[in-house]
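Asks: show me the folded form of this:
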Amino acid sequence: MNLNDYQWEFKKKLFRSDVDHSSRLLVPRKIVDNLVFCHLTDEEKTQVNEGDGVRVKVRDLNETEEYEMTFKMWKSTKSYIFVDNWSRDFVRRRELQEGDEIGMFWNCMDSILCFDVLERNEDQSFHEAMH
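Replies: Predicted structure coming up:
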């Protein structure tokens with residue numbers, strides 16, 4: 001199946017803060033209901049909003065490997081983020097860089113969030129190829 005065949009609920013061009021040492025992926029509030037909240041129980045939603053978060057399984061479609069991250073509200077900014085293993089399992093392993101575009105959608109059959117890199121930042125690829 002081609003990546004373009006999926007219904008991506010969340011597409012994002014990565015910012016520097018998504019791939020630097022902050023170790024978190026910021027998710028826009030307007031995406032949270034469709035991407036994650038509609039698949040959580042009321043208790044899990046409370047855990048997310050109180051800052052404790054919930055563990056979410058994530059499948060990397062490029063390798064069909066499964067990982068886990070914590071989804072929670074970042075209290076200081078009232079933003080939603082994925083933490084715990086974002087840097088190790090996604091940024092470093094997939095060599096994500098600022099300007100890359102990622103996509104996510106919820107697979108209801110398997111109750112898992114699916115992830116993939118949709119587009120690489122051309123400027124970064126060119127720069128790396130020159131070194």
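
Asks: check which helices and strands the strand ranked longest in the chain sits against.
Replies: If you go by DSSP state E, the chain has its longest strand at strand 65-74. On a contact count with 3 or more Cβ pairs under 8 Å, 6 or more residues apart in numbering; DSSP states H and E, strand 65-74 meets helix 42-49, strand 54-60, strand 79-83. Every C-beta, even on glycine, is put in place using the N, C-alpha and C of the backbone.

Asks: who wins for proximity to Ser23 among those?
Replies: For Ser23, the closest of the helices and strands packed on strand 65-74 is strand 79-83, at 6.4 Å, according to Cβ to Cβ.

Asks: mind saving the C-alpha coords of the helix or strand that comes right after that closest one as CSV?
Replies: Counting by DSSP states H and E, the next helix or strand C-terminal to strand 79-83 is strand 101-107. Extracted in CSV, the C-alpha atoms of strand 101-107 (Å, rounded to 0.1, in the frame of the first residue of the first chain):
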residue,chain,number,x,y,z
GLU,A,101,7.0,15.9,7.4
ILE,A,102,5.5,13.1,9.4
GLY,A,103,2.0,11.6,9.5
MET,A,104,0.0,9.7,12.0
PHE,A,105,-3.4,8.0,12.1
TRP,A,106,-5.3,5.7,14.5
ASN,A,107,-5.7,2.1,13.4
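
Asks: with that, I have no additional questions.
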